[in-house]
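K.L.:
pasting the sequence and the predicted model now:
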Amino acid sequence: MTTVAFLGLGAIGTPMARHLAVPEFSLSVWNRTPAKAKAFATEFAVRAAATAAEAASGADIVITCLPSSREVEGLLDGPDGLLAGLTKGSVLVDCTSGDPATSRRIAARLAERGIGFLDAPVSGGVAGAEIATLTVMVGGDAAMLARVMPVFDAFGEKIVHCGPVGAGHALKAINQAMLAIHIWSLGEGLVALEKAGVSAAVALEVINASSGRSNSSQNLFPQRVLTRAFPRTFRLALLDKDLGIAAQVAREHKVPSPLLQLTAELFAAAHHELGEEADHVEVVKIIEHQAGVEIT
């Protein structure tokens, strides 16, 4: 039986961990809020660890799913840190939407101790995590991925080996940048069309049957903007973080990226204006306010 530790029971981490609370795995969980780990452990008859070190102790595979790479790296050191619990031959799998440079730094530290590392951010949101249809973007050694594959199969539907360590995080960040570009450009386009006398419903009917369609036009705007529901499923603050990573990846590799850089700046400003709890689609409200028209 594979022993797995899952650290980070957030909105996506909790349903991911739930799919690992099955007889095929011996699961322990840890969360920065201990009560959440204890409640999960009680509900699913698994072990709640008091520290990251305790969770990692004896685990074949340790999974982190935290807000950023900074938190993952911060869990490594100290008597209660991951390095105090991880053993030679084990693998740390980071499902955080993190940054490639930090991933490479963590991997190098772990390699000195004979511990493997895979960066494996996921896409599909809470809904995908609930029904185990996440896309998993993996950076690292292919043989190590094959070893971890049964764990990925528990919560993922499409598992893709993207390249060396950091490749998964780089691809996730660029994917998120595309999401942001689609949202902002569609927002501007629909506002302009509203002012030109074209309703958003009519515009989306045409766009979704034409070359301009995207997930934003097919799903996000009809379900969230036109209804004015704006459910809070993915925080703007996290998308802002992801955009910063994408922009940094482009700069690091000296790629001219004016659109990426501008989009990162726009979402950083929106994050500052709308606050920590705003949903990512709520940036449309800023476009509407600036234009003096509402998408309906």
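P.N.:
It's in.

K.L.:
any stretches of the stretch 1-150 of the chain with poor pLDDT?
P.N.:
By pLDDT under 70, the stretch 1-150 of the chain has no low-scoring segment.

K.L.:
please, where are all the strands along it?
P.N.:
2-7, 25-30, 47-48, 61-64, 91-94, 116-119, 122-123, 134-139 (DSSP state E, counting those that start in this stretch).

K.L.:
nearest to Ile183, out of those?
P.N.:
Smallest distance to Ile183 across those (C-beta to C-beta): 15.3 Å, for strand 122-123. From N, CA and C alone the C-beta is placed, and that goes for glycine too.

K.L.:
who touches the closest one?
P.N.:
12, 16, 95, 128-129, 134-137, 155-156, 172, 175 (C-beta atoms under 8 Å, 6 or more residues apart in numbering).

K.L.:
tabulate the residues you listed (CSV), appending neighbour count and distance to Lys241.
P.N.:
Converted to CSV, the contacts of strand 122-123 look like this (neighbours: other C-beta atoms under 10 Å; distance: C-beta to C-beta, whole Å):
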residue, neighbour count, distance to Lys241
Ile12, 23, 14
Met16, 25, 19
Cys95, 30, 15
Gly128, 19, 20
Ala129, 24, 19
Leu134, 27, 19
Thr135, 16, 19
Val136, 28, 19
Met137, 26, 17
Phe155, 27, 22
Gly156, 26, 22
Lys172, 29, 11
Asn175, 17, 14
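
K.L.:
can I see the domain layout of the protein?
P.N.:
2-164, 170-291 (automatic domain parsing).

K.L.:
please identify the most buried of these.
P.N.:
The highest average neighbour count among the domains of the chain, using mean count of other C-beta atoms under 10 Å, belongs to domain 2-164 at a mean of 20.

K.L.:
how far off centre is it?
P.N.:
Centroid separation for domain 2-164 versus its chain: 13 Å, with C-alpha atoms, centre = their mean, to the nearest Å.

K.L.:
what is the end-to-end distance of it?
P.N.:
25 Å (C-alpha to C-alpha, to the nearest Å).

K.L.:
which residues sit against the top strand by length along the chain?
P.N.:
Longest strand in the chain, counting residues (DSSP state E): strand 156-163. Strand 156-163 has contacts (C-beta under 8 Å, 6+ apart) with 122, 124, 128, 132-139, 142, 145, 149, 152-153, 168, 170-171.

K.L.:
the helix or strand following that strand versus strand 134-139: what angle between them?
P.N.:
Downstream of strand 156-163, the next assigned helix or strand under DSSP states H and E is helix 167-195. Relative orientation of helix 167-195 versus strand 134-139 (axes from the mean of the first three to the mean of the last three C-alpha atoms, to 10 degrees): 130 degrees.

K.L.:
contacts for the next helix or strand after helix 167-195, please.
P.N.:
For helix 167-195, the following helix or strand on the C-terminal side (DSSP H and E) is helix 200-207. Applying C-beta under 8 Å, 6+ apart, the contact partners of helix 200-207 are 186, 189-190, 193-194, 213, 217, 221-222, 225-226, 295-296.

K.L.:
what's the average pLDDT for the helix or strand following helix 200-207?
P.N.:
Counting by DSSP H and E, the next helix or strand C-terminal to helix 200-207 is helix 215. The average pLDDT within helix 215 is 96.

K.L.:
contact partners of helix 215?
P.N.:
Leu179, His182.

K.L.:
distance from the helix or strand following it to the middle of the chain?
P.N.:
Downstream of helix 215, the next assigned helix or strand under DSSP H and E is helix 236-252. Mean-position distance between helix 236-252 and its chain equals 12 Å (C-alpha atoms, centre = their mean).

K.L.:
name the helices or strands packed onto helix 236-252?
P.N.:
The contact analysis (3 or more C-beta pairs under 8 Å, 6 or more residues apart in numbering; DSSP states H and E) places helix 236-252 against helix 100-111, helix 167-195, helix 258-274.
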